[in-house]
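> Let me see the structure of the following:
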Amino acid sequence: MSASTPSYMRTLYAGASVVLLVMGVRATFGLFMQPMGMELGWGRDVFSMAFAIQNLVWGVGSIFMGILADRYGAGRTVALGALLFMLGMIGMRLSTDELSLYLTAGVLVGLGQAGTTFPVILPVIARAVPPAYRSTAMGIASAGGSMGQFTIVPIGQIAISTLDWTGALWLLSLFAAAGMPLALLLRGKPAAATGHHQSLGAAVREAFRHSSFHFLFWSYFVCGFHTAFITLHLPAYLVDGGLTAGDGAISIALIGLFNVAGSFYAGKLGGCYSKKNLLAAVYFLRAFGILFLIAMPMAPWVAYVFAAWMGLLWLGTVPLTQGLIGQIYGFRYAATLSGIAFLGHQIGSFIGVWLGGYAYGATGSYAAVWWAGIVLAVVAAALCLPIREQPLAAKPA
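All right, here's what the predicted structure looks like:
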């Protein structure tokens, strides 16, 4: 970046790069299940528990990382998150028993993701860019996560093939560490309000008393349910339907590829139209995608069309949800409030992953969970419609 590049563009590039690296490395974890399991004697249940812990820690940790970002600045928080993520990857390489895997791939990596992903990154970008460009910028940063999934997952697979899983984890830990120097471009914290201003506690209590925050929280829950269940269980569902493992891998890659456009345009449209109506549309259209998949005879083109459709809607919820939080409650404590809302997303992720495995073990089918996903999509769309988009007036502490 040249010296003439506007400071807000440097912030956007740095934030999008951090999200790309972190979400890309995270998307490689499934690649390690087979080689690590074979060498260390761990079953899929061990890895599933580690990643379930990771999702919950990521959600709870986002609240505390949001508080750190609002109080001490996003740069320090991102640097801390990148350090924890790197240590978690190294610890995963050195794990010799289930407990050490849970503490590293689960707790440390989850905390690292909490400090380097959307709840911390998007508010600092939103504060930095001009208001007219804000929604589009958040869409670009969100798209970085899917671009990371599309670009870093193949690198991870090549690294495992050439360096073994041990060498691949060392390499990916360096990718995670790259977030620390990028954090230098994300320095600063929200400016204190002049005149009457709220404390952090008052802002949180005000959001909790506001019905729109609860609508955002529980609609985000549905987003997490969908994305986690589909990411983990779609490949197995396709193989059960007679397709190949390659079809499953291509489908997951297509979700990431199409979500680059989906996230960008969700953010761009959010700057021109009602964010709550766009958010409702995203959830409602997800229901049609799931219905298409389970109603059509299984074939590769059906899987690819479903993946492309869901990719367009995949993380489009992120810039719209985060944008509504900033628009309604302001940006002074946006990272904290975004972290609280993101906890709803991660609770949904945990339940989606767990329920998929439980339902398949009990019935030999994912049908009940797919239908639950359709119902939840409609419910989430209905929850978005009564959201009040008008900003709340700041109150004295």
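> Which residue, other than its chain neighbours, is closest to Phe229?
In space, and not counting its chain neighbours, Phe229 is closest to Gly352: 3.6 Å by CB to CB, 6 or more residues apart in numbering. Where you see a C-beta, it was placed from the backbone N, CA and C, and this is true even at glycine.
> Where does that neighbour fall, secondary structure wise?
helix 334-363 (DSSP states H and E).
> Now do the buried residues in that helix.
Under the neighbour-count criterion of 16 or more other CB atoms under 10 Å, helix 334-363 has 334-357, 359-360 buried.
> Next: stretch 127-144.
Counting neighbours by 16+ other CB under 10 Å, stretch 127-144 gives 127-129, 133-144 as buried.
> CA-only coordinates of it in CSV, if you can.
Backbone C-alpha positions of stretch 127-144 (Å, rounded to 0.1, in the frame of the first residue of the first chain) are rendered in CSV as follows:
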residue,chain,number,x,y,z
ARG,A,127,-15.7,3.4,12.5
ALA,A,128,-12.8,4.0,10.1
VAL,A,129,-14.5,4.3,6.7
PRO,A,130,-16.8,7.1,5.6
PRO,A,131,-20.5,6.4,6.4
ALA,A,132,-21.5,6.2,2.7
TYR,A,133,-18.9,3.4,2.2
ARG,A,134,-19.4,1.7,5.5
SER,A,135,-21.9,-1.1,4.6
THR,A,136,-19.9,-2.0,1.4
ALA,A,137,-16.6,-2.1,3.4
MET,A,138,-18.2,-4.5,5.9
GLY,A,139,-19.3,-6.7,3.1
ILE,A,140,-15.7,-6.8,1.6
ALA,A,141,-14.3,-7.7,5.0
SER,A,142,-16.9,-10.5,5.4
ALA,A,143,-16.0,-11.8,2.0
GLY,A,144,-12.4,-12.1,3.1
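> Number the chain from 196, please
Got it, first residue is 196 now, which makes that one stretch 322-339.
> Quick one: residues in contact with it.
202-203, 206-207, 210-212, 214-215, 218, 313, 316-317, 320-321, 385, 454-466, 470, 510-511, 513-514, 517-518, 521, 526, 529 (CB atoms under 8 Å, 6 or more residues apart in numbering).
> In ChimeraX, select just the buried ones from those.
Applying 16+ other CB under 10 Å to the contacts of stretch 322-339, the buried members can be selected in ChimeraX as follows:
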select :203,206,207,210,211,212,214,215,218,313,316,317,320,321,385,454,455,456,457,458,459,460,461,462,463,464,465,466,470,510,511,513,514,517,518,521,526,529
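> Which of the contacts of stretch 322-339 fall within helices?
202-203, 206-207, 210-212, 214-215, 218, 313, 316-317, 320-321, 454-465, 470, 513-514, 517-518, 521, 529 (DSSP state H).
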